[in-house]
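> Below is the sequence, then the predicted model.
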Amino acid sequence: MASKDSKVTGLDNNAIYYEVSPTIICIMRLYNCLALLMVLIAFIICLVKGHDSDSNYLLACNLVLSGLIAIVVNWWYRRHELPADKYWYIFLLSSVIIFQTITTDIYVFHVLPTAAPTQHPPITLTTKPYTGTTVTWVTINSSTITPPPSAFPFQLMPPTN
């Protein structure tokens with residue numbers, strides 16, 4: 001008969017037959033099965049939609065590798081190479097894989113339309129008519145053109161030959 005202070009979830013230090021509650025182990029196995037099922041579904045979807053884009057095959061490979069990592073970590077937990085109190089890590093790993101499968105499905109099915117290549121409008125060169133005005137030293141030094149004093153803070157000298 002269980003005492004009042006025994007826990008249903010978490011580690012039970014007074015347990016005789018188990019370290020982690022069987023309820024947690026059952027929930028963890030169901031959660032792992034859900035993650036594995038979602039990996040299989042997303043993998044099949046990636047293979048079916050693979051002809052649309054080559055990146056879908058890469059996503060399928062990524063899902064297989066993530067599934068293998070989850071299997072190895074669960075195997076380590078089962079062989080007691082991973083401590084019994086680290087069951088939360090398996091829940092975290094399965095949650096990340098479930099998130100990965102959801103985002104993979106969204107990426108595969110939500111195909112963005114490719115924009116048509118944009119073409120710049122044709123460049124038309126506008127030319128202004130030449131007025132024939134030329135500036136020479138003679139026109140600069142002539143008395144008809146008087147620039148303001150701030151325009152040339154230095155004195156202009158005619159070129160010496």
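Arrived safely, thanks for sending.
> Find the residue ranges of the protein scoring beneath the pLDDT cut-off.
Flagging of the chain using pLDDT under 70 yields the residue ranges 1-17, 125, 128-159, 161.
> Next, the buried residues of the longest helix seen in it.
Ranked by residue count under DSSP state H, the longest helix found in the chain is helix 22-48. Neighbour-count burial for helix 22-48 flags 24, 28, 32, 35-36, 38-39, 42-43, 45-46 (criterion: 16 or more other C-beta atoms under 10 Å). Any C-beta I mention is one placed from the backbone N, CA and C, and that applies to glycine too.
> mind listing what's buried in the helix or strand containing L65?
According to DSSP states H and E, L65 maps onto helix 55-78. For helix 55-78, the neighbour count (16+ other C-beta under 10 Å) marks 56, 59-60, 63, 66-67, 70, 73-74, 77 as buried.
> what angle sits between it and helix 22-48?
160 degrees (axes from the mean of the first three to the mean of the last three C-alpha atoms, to 10 degrees).
> I'm done for today, thanks for sticking with me.
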